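Asks: here's my sequence, what's the structure:
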Amino acid sequence: MSQHVFKRAGFLAATVGAAGLLGAGLASAHVTANVYGPQPTKGGYAAVVFRVPSEEKDPVTTTKVAVDFKADYGIGSVRTKPVPGWTAQVTKSKLPTPITKDNGTQITEAVTAVTWTAQPGSELKAVDYQEFSVSFGPLPTNVDQVEFPAHQTYSDGKVVDWNQPTPAGGEEPEHPAPVVKLAEKAKDGDAHGSMANTASTNGEQATATAANTSDSTARWLGGAGLLVGAIGLGVGAGATIRARKATAKSGGNS
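Replies: As a prediction, this is how the structure comes out:
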């Protein structure tokens, strides 16, 4: 058997193994805030999906997810997209000092948290993740990004806080807080965008993205497996032919 064939098979096996490790790494991903539409602008509205993986081992499950909204952002309105098997609760708090928005509107109470709780039988298993879609605003105009500390509660009572800020240009902390970057306000003053349209398609886009990624990975791994098998068959066939030739040659010389 040629060394070239061995090298090719070894390289392919290493590649498949690396893909498996990559898939395993996805399970340990942290809570993130993902924008699947136009980038939110300062003073406008945002449609965001909080993606939550369950990191504990079976049979421990995720039973509750809470996301904090900082009161000084002055976010007065939040809408949640229904998630089958989960209930959502929006918490508002009275502001000590009203916040005046660019359009002159005064916010006297702001959203300070959104909490999703799993109904019995719908808890998030260790091998799964869930996406929670929200639309909210108006956003602050005096910051370049908004942070949303998250708190993940497990069935064994453990609570993991995803609330550590990521330093600019620094290494990501162990439990980073979800962050959404804000674009500059549009010159025409229309910072609201199309909140309703974005919110209605946000979850569908997120689901399609996840499905396409999963399907592509499965197809790639399947193709890699077939290629490894083909290499094995080719090597075996080659060895058989060489053995027959050697036998025939030996018989002819005897």
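
Asks: residue 149 and residue 85, how far apart?
Replies: As judged by CB to CB, to the nearest Å, residue 149 and residue 85 stand 24 Å apart. C-beta coordinates here come from the backbone N, C-alpha and C atoms, glycine included.

Asks: the more surrounded of those two?
Replies: Using other CB atoms under 10 Å as the criterion, residue 149 and residue 85 rank with residue 149 on top: 20 against 13.

Asks: do you know the pLDDT at the spatially closest residue to that one that is not a sequence neighbour?
Replies: Nearest non-adjacent residue to residue 149, counting by CB to CB, 6 or more residues apart in numbering: residue 163, 3.6 Å away. With respect to pLDDT, residue 163 scores 96.

Asks: who touches residue 163 in this structure?
Replies: By CB atoms under 8 Å, 6 or more residues apart in numbering, the contact list for residue 163 reads 68, 149-151, 175, 177.

Asks: between those, which is nearest residue 136?
Replies: residue 68 (12.6 Å; CB to CB).

Asks: count the residues that sit near the closest one.
Replies: 20.

Asks: how much space between it and residue 119?
Replies: Per CB to CB, residue 68 is found 23 Å from residue 119.

Asks: likewise residue 126?
Replies: 19 Å.

Asks: out of the contacts of residue 163, which sit inside strands?
Replies: 68, 150-151 (DSSP state E).

Asks: need these in CSV with distance to residue 105 and pLDDT, can you?
Replies: Listed next are these as CSV, based on distance: CB to CB, whole Å; pLDDT from 0 to 100:
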residue, distance to residue 105, pLDDT
68, 23, 98
150, 28, 98
151, 30, 98
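
Asks: does residue 164 have beta-bridge partners, and which?
Replies: Judged by DSSP bridges, the bridge partners of residue 164 are residue 176.

Asks: quick one, what contacts residue 150?
Replies: Per CB under 8 Å, 6+ apart, neighbours of residue 150: 31, 50, 52, 65-68, 161-163, 177-178.

Asks: in the stretch 1-150 of the chain, which ranges drop under the pLDDT threshold?
Replies: Flagging of the stretch 1-150 of the chain using pLDDT under 70 yields the residue ranges 1-28.

Asks: so where do the helices sit in it?
Replies: Counting by DSSP state H, counting those that start in this stretch, one finds helices in the stretch 1-150 of the chain at the ranges 3-26.

Asks: for it, which segments count as strands?
Replies: Secondary structure of the stretch 1-150 of the chain (DSSP state E, counting those that start in this stretch): strands located at 32-34, 46-53, 62-68, 77-80, 86-100, 106-118, 129-137, 145-147, 150-154.

Asks: fine by me, we can end here.
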